[in-house]
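Build me a structure from this.
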Amino acid sequence: MYDTIIIGAGMSGLAAGIRLAHFNQRVCILERHYTIGGLNSFYRLGGRDYDVGLHAVTNFTPKGAKKGPLARLLRQLRFKWEDFALAPQIGSTIAFPDVQLHFGNGLEVLEAEIAAKFPAQKDAFQRLLAKIIDYDDLNEHNFGGSTRDVLAETISDPLLVEMLLCPLMWYGNAREHDMDFGQFCIMFRSILMEGFARPFTGVRLILKNLVRRFRSLGGELKLRSGVERIKVKDGKAIGVALDNGEELEGRRILSSAGLVETIRLCEDITEVDGQQAGQMSFTESISILDKPPKQLGFDRTIVFYNDSPAFHWQKPTDALCDMRTGVICSPNNYMYDESDGDLPDGVIRITSIADSDRWMALPEDEYKLEKLRWYDRTIASAVRFIPDFRGHVIETDMFTPNTIRRFTWHDNGAVYGAPEKRLDGTTHLPNLFLCGTDQGFVGIIGSIVSGISIANQHCLRD
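Purely as a prediction, here's the structure:
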């Protein structure tokens, strides 16, 4: 009998497992896949390691900082700063056709950019900052409401509204067209007020340390152990049955599989509304270069681009991908410690919004061909905003909603989960709880904090 069974060995599941194991709970983490990490995982191809989800660790604060999500998770999981070895970004950009806004870690660069390029909006931006700072992210009743409405009431220039929405929707919004104001505030703080960083060796360093800590505390991690159903008796979850027929008993269950996906597993539920699942999924092209991007004139860490004054955030309606907007990231463009040296290759990663239904309906031969076609289209779209690097590509790969579905098991390959979040992590069963994207926190730091928060709130109080 386990005290807690955790479904999914992503960041939130691993963090919850560590937190509970610190208090001598008997914990088992179950992972359907052959590796850990969920969306933020990695794979090896042609002798190279590729990160699946990591562009950046958000919520970066310098070593010694006492406040913020990063400092909190280090305390709660009893890690040292050096265990994550985060290198800050060089600098990022929001790029629209006629205006670019540069930003870094902290607000200073962005404030100066807005004052220079939108001088009439300088005071309005300060009023927006006051609203964001006043937002209480511990009060779930404040979470809803339209961000577009709030921005329209505060900022009179529609182009600045669209430019502020672009990076925040890209890095954490499950809702099409608009964004919950609470989610906007969380993402604004994590990206524009705190900022980006990355371990030199990528996401595998963070995952390795999480798993090592969990196992050192006596936690059990079972890979290739998909949950076939959650067993229910007398209105409570009593355990799980695995795909291989094995059954495990537990006093409570914590799931990072997503709300719709978790409820579907419950044997007391006969029908689930799949329309509640998220729709926002992506493709990502990965280009290995024969030299660092900086030598080609690209010195930005991340570029969020959009090719018109209006930012469109929705599932494509007439194609496999939407080329109007995207994200360009180079893992080379962080301020790594000199002792690390340089990354072995130049890398540029480009993300586009994708139609998961169309990608998943493709026959295998056609799927391979479409990956090649859309790799080319993705690069052509991106080089409108950065130096053309196509003559320096020596290796490529591309993942799609199919890949995301395989790594996360989320319906539609929805990276940020369902639009409606369960901020308290509760479900219809009193001892079955959610953590991860459908609880409401996204990104690496957000996912880890989600696992910690739900473990503290529901699993350490009885």
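
The nearest residue to residue 80 once chain neighbours are set aside and residue 9, how far apart?
Residue nearest to residue 80 in three dimensions, not counting chain neighbours: residue 74, with 7.1 Å by CB to CB, 6 or more residues apart in numbering. To be clear about C-beta, it is placed using only N, CA and C from the backbone, and glycine gets the same treatment. Distance, residue 74 to residue 9, by CB to CB, to the nearest Å: 21 Å.

So which of the two has more stuff around it?
The neighbour count for residue 74 versus residue 9, taken as other CB atoms under 10 Å, is higher for residue 9 (28 against 17).

Can you name the residues in contact with the host helix or strand of residue 453?
Under the criterion of DSSP states H and E, residue 453 resides in helix 443-454. Residues outside helix 443-454 that contact it (CB atoms under 8 Å, 6 or more residues apart in numbering): 10-17, 19, 40, 54, 57-59, 69-70, 72-73, 76-77, 171-172, 186, 190, 203, 206, 254, 256, 425, 433-437, 439-441.

which ones are touching the residue nearest to residue 259 when sequence neighbours are not counted?
Nearest non-adjacent residue to residue 259, counting by CB to CB, 6+ apart: residue 438, 4.3 Å away. Counting by CB under 8 Å, 6+ apart, residue 438 touches 258-259, 262, 417-418, 421-422.

Residue 304 falls within a strand, correct?
Yes: Residue 304 forms part of a strand when assessed by DSSP: H, G, I helix; E, B strand; the rest coil.

Give me the below-cutoff pLDDT ranges for this protein.
53-54, 137-142, 462 (pLDDT under 70).

what does the domain assignment say about it?
2-85+202-276+421-459, 92-194, 279-408 (automatic domain parsing).

What's the separation between the residue nearest to residue 80 and residue 12?
16 Å.

quick one, strands of the stretch 1-150 of the chain?
2-7, 27-30, 42-45, 48-51, 86-88, 92-95, 100-103 (DSSP state E, counting those that start in this stretch).

Next, the buried residues of the first one.
Right, the one you point to is strand 2-7. Along strand 2-7, these residues count as buried under the neighbour rule (16 or more other CB atoms under 10 Å): 2-7.

Show residues contacting it.
13, 16-17, 20, 25-30, 227, 239-240, 248-257, 262, 265, 455, 459.

Take those and, keeping just the buried ones, write it as a PyMOL select command.
Burial among those is assessed by 16+ other CB under 10 Å; the matching PyMOL selection reads:
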select buried, resi 13+16+17+20+25+26+27+28+29+30+227+239+240+248+250+251+252+253+254+255+256+257+262+265+455+459
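
If you count neighbours, what's buried in the longest helix seen in the chain?
Criterion DSSP state H: the longest helix present in the chain is helix 364-382. Within helix 364-382, the residues that count as buried by 16+ other CB under 10 Å are 370-371, 374-375, 377-379, 381-382.

circling back to that earlier point, biggest separation within the contacts of residue 438, which pair?
Spatially, the most separated pair among the contacts of residue 438 is 262 and 421, at 13.5 Å (CB to CB).

quick one: strands adjacent to the strand or helix carrying residue 352?
For residue 352, the host element (DSSP H and E) is strand 346-354. Counting by DSSP bridges, the strands paired with strand 346-354 are strand 281-289 (antiparallel), strand 321-329 (antiparallel).

Now do that strand: distance to the chain's middle.
With CA atoms, centre = their mean, to the nearest Å as the basis, strand 346-354 stands 14 Å off its chain's centre.

tell me what the very next helix or strand once past that strand is packed against?
Sequence-wise, the next helix or strand downstream of strand 346-354 (DSSP H and E) is helix 356-361. Identification of packing neighbours for helix 356-361 by 3 or more CB pairs under 8 Å, 6 or more residues apart in numbering; DSSP states H and E yields strand 281-289, helix 401-408.

winner for burial among these?
Of all the helices and strands packed on helix 356-361, strand 281-289 has the most neighbours on average by mean count of other CB atoms under 10 Å, namely a mean of 24.

contacting residues around that strand?
48, 50, 296, 315, 320-321, 345-356, 359, 374-375, 378-379, 389, 392-401, 404, 412-415.

Now do the helices in the stretch 1-150 of the chain.
11-22, 69-77, 81-84, 108-117, 122-134, 147-154 (DSSP state H, counting those that start in this stretch).

In TSV, list the ones you listed along with distance to residue 335.
Formatted as TSV, the helices of the stretch 1-150 of the chain follow (distance: least, CB to CB, whole Å):
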stretch	distance to residue 335
helix 11-22	24
helix 69-77	17
helix 81-84	15
helix 108-117	15
helix 122-134	26
helix 147-154	31
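
which one of those lies closest to residue 210?
Of the helices of the stretch 1-150 of the chain, nearest to residue 210 by CB to CB is helix 11-22, at 4.2 Å.

Can I get the closest one as CSV, trimmed to CA atoms?
C-alpha atoms of helix 11-22 as CSV (Å, rounded to 0.1, in the frame of the first residue of the first chain):
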residue,chain,number,x,y,z
MET,A,11,8.5,17.9,-13.6
SER,A,12,5.4,18.2,-11.5
GLY,A,13,5.1,14.5,-10.7
LEU,A,14,8.8,14.3,-9.8
ALA,A,15,8.6,17.4,-7.6
ALA,A,16,5.6,16.2,-5.8
GLY,A,17,7.3,12.8,-5.2
ILE,A,18,10.3,14.4,-3.7
ARG,A,19,8.3,16.7,-1.4
LEU,A,20,6.3,13.7,-0.1
ALA,A,21,9.3,11.4,0.3
HIS,A,22,10.9,14.1,2.4
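
Make residue 1 into 442 and carry on from there
Shifting the count to begin at 442 puts that one at helix 452-463.

That one packs against which elements?
Taking 3+ CB pairs under 8 Å, 6+ apart as the contact cut, helix 452-463 packs with strand 443-448, strand 468-471, helix 510-518, helix 644-657, helix 884-895.

of all these, which gets the most neighbours per residue?
Ranked by mean neighbours (mean count of other CB under 10 Å), those are led by helix 884-895, with a mean of 27.

which of the buried residues of strand 443-448 sit farthest apart?
444 and 448 (14.8 Å).

Contact partners for residue 767?
745-746, 791-794, 819, 822-823.

try it again with 10 Å
611, 723-726, 744-748, 791-794, 819, 822-823, 825-826 (CB atoms under 10 Å, 6 or more residues apart in numbering).

Next one: it relative to residue 554, how far apart?
On the measure of CB to CB, residue 767 and residue 554 end up 21 Å apart.

Same question for residue 561.
14 Å.

Compare the two and say which one has the larger neighbour count.
When neighbours are counted by other CB under 10 Å, residue 561 and residue 554 differ, and residue 554 comes out ahead with 18 against 10.

beta partners for the residue nearest to the more buried one when sequence neighbours are not counted?
Spatial nearest neighbour of residue 554, excluding adjacent residues (CB to CB, 6+ apart): residue 542 at 4.7 Å. Note on residue 542: beta-bridge partners by DSSP bridges are residue 535.
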